[in-house]
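>>> no sequence on this one, just coordinates:
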C-alpha cells in the first residue's frame, strides 16, 4: 500500500458523512463473492458504524466463485426469484452481523451500493431503519413502494471525484 500525497489544506475537500459511509460501502462490496453484482452495506447510527455486510454465500457454504452461479445457469433475470441464489444479500448480512454482536439497529441509516430488494426492504422496515442512502438502482419497484409507504427516507447519494 502506498501513501497518498496530502494536498494543501486550501485544496482539500472533506467528504460529507453520506459520501464517507458510501465509500466504506464500496470498500465492503469488494469482499463480495457474487459473480453478477458486488454489493456492500454499512449500518450507521449517530455517525458511528454499527455493522457491515456484503453479498455472498452463508458461512461454511461454498461460494458462487467455486460452484458457478445457479441464477446464471437458469437464466434468471436480476430482481426475480431471490430464493434461487446461494448468496445472502449485503443488507441482510449487516443485520446478521449486528445480531451476532448484540448491536441494536433501530433508528439507524443504511448506506448501500444499490437500492434494496423487496425482501431486504421489509427487513429494513421491521428493524426500524429510518434512512437508506444508495449509489445505484436495483430493479425492484415494489421495494421502493414499501419503503415510501413505511416513511423510510430513500436518498440517492454520490461520491465526488477526489
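Happy to help now that I have it. Since this is a predicted model, take the numbers as computed values, not measurements.
>>> Over to the most centrally placed residue in the chain. Which of the three states is it?
Per CA atoms, centre = their mean, the C-alpha nearest to the average position across the chain is that of residue 41, at 2.6 Å. Classification of residue 41 using DSSP: H, G, I helix; E, B strand; the rest coil returns strand.
>>> so where's the protein uncertain?
Low-confidence segments of the chain, defined by pLDDT under 70: 1-10, 162.
>>> Where do the strands of the protein begin and end?
With strands called from DSSP state E, the chain shows them at 40-45, 48-54, 109-114, 131-136, 153-156.
>>> looking at those, which is buried most?
Comparing the strands of the chain by mean neighbour count (mean count of other CB atoms under 10 Å), strand 109-114 comes out on top with a mean of 27. To be clear about C-beta, it is placed using only N, CA and C from the backbone, and glycine gets the same treatment.
>>> can you point me to the longest helix in this protein?
The helix of greatest length in the chain, counted in residues with DSSP state H as the criterion, is given as helix 17-29.
>>> elements contacting that helix?
Helices and strands touching helix 17-29, by 3 or more CB pairs under 8 Å, 6 or more residues apart in numbering; DSSP states H and E, are strand 40-45, strand 48-54, strand 109-114, strand 131-136.
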